[in-house]
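Q: Compute the structure for the input listed below.
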Amino acid sequence: MNNEIKTGDTFFTTVELARSNLTPLKSYVCTGVESNRIFFIDDLGQQDWHYSNMFTKTKEATPVTEVKPHK
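A: Below you'll find the predicted structure:
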């Protein structure tokens, strides 16, 4: 999988970030890319950015079917 994050991609944080307005391992959506910076909307609803090496692109979502136990 190509880990390059583009606008519209979903990604999550891979390191503990100093800024308190991000939830560790929460998924965020990229709103723009400029050089090695990834822009997104943070937990406070404001646009923020971090360097791209702080993030990992999430894999494509796969459908999950709920398995119910037999009674």
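Q: ok, longest strand in the chain?
A: Across the chain, the strand with the greatest residue count (assigned by DSSP state E) is strand 27-34.
Q: Output the contacting helices and strands for that strand.
A: On a contact count with 3 or more Cβ pairs under 8 Å, 6 or more residues apart in numbering; DSSP states H and E, strand 27-34 meets strand 10-13, strand 37-41. Any C-beta I mention is one placed from the backbone N, CA and C, and that applies to glycine too.
Q: any chance of these in TSV, plus distance to residue 55?
A: Shown next, in TSV, are those (distance: least, Cβ to Cβ, whole Å):
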stretch	distance to residue 55
strand 10-13	4
strand 37-41	6
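Q: State the mean pLDDT of the longest strand of the chain.
A: Per-residue pLDDT values over strand 27-34 give a mean of 91.
Q: can you give me the angle that strand makes with strand 37-41?
A: With axes from the mean of the first three to the mean of the last three Cα atoms, to 10 degrees applied, the angle from strand 27-34 to strand 37-41 works out at 130 degrees.
Q: quick one: contacts of strand 27-34?
A: Residues from elsewhere that reach strand 27-34 (Cβ atoms under 8 Å, 6 or more residues apart in numbering): 5-13, 22, 38-42, 47, 49, 52, 55, 58.
Q: Can you select the buried ones among these for me in PyMOL?
A: Only the buried entries of these go into this PyMOL selection, using 16 or more other Cβ atoms under 10 Å:
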select buried, resi 5+9+11+12+13+22+38+40+42+49+52+55
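Q: Without its sequence neighbours, what residue ends up closest to residue 24?
A: In this structure, residue 24 finds its nearest non-sequential neighbour in residue 13, 5.9 Å apart by Cβ to Cβ, 6 or more residues apart in numbering.
Q: so the one you found makes contact with residue 54?
A: Yes. Here residue 13 reaches residue 54: they are 6.1 Å apart, a contact under Cβ atoms under 8 Å.
Q: Name the residues contacting each of those two.
A: Taking Cβ under 8 Å, 6+ apart as the contact rule, residue 13 and residue 54 touch no residue in common.
Q: per-stretch mean pLDDT over the helices and strands packed on strand 27-34, give me the minimum one.
A: For the helices and strands packed on strand 27-34, mean pLDDT drops lowest on strand 10-13, to a mean of 82.
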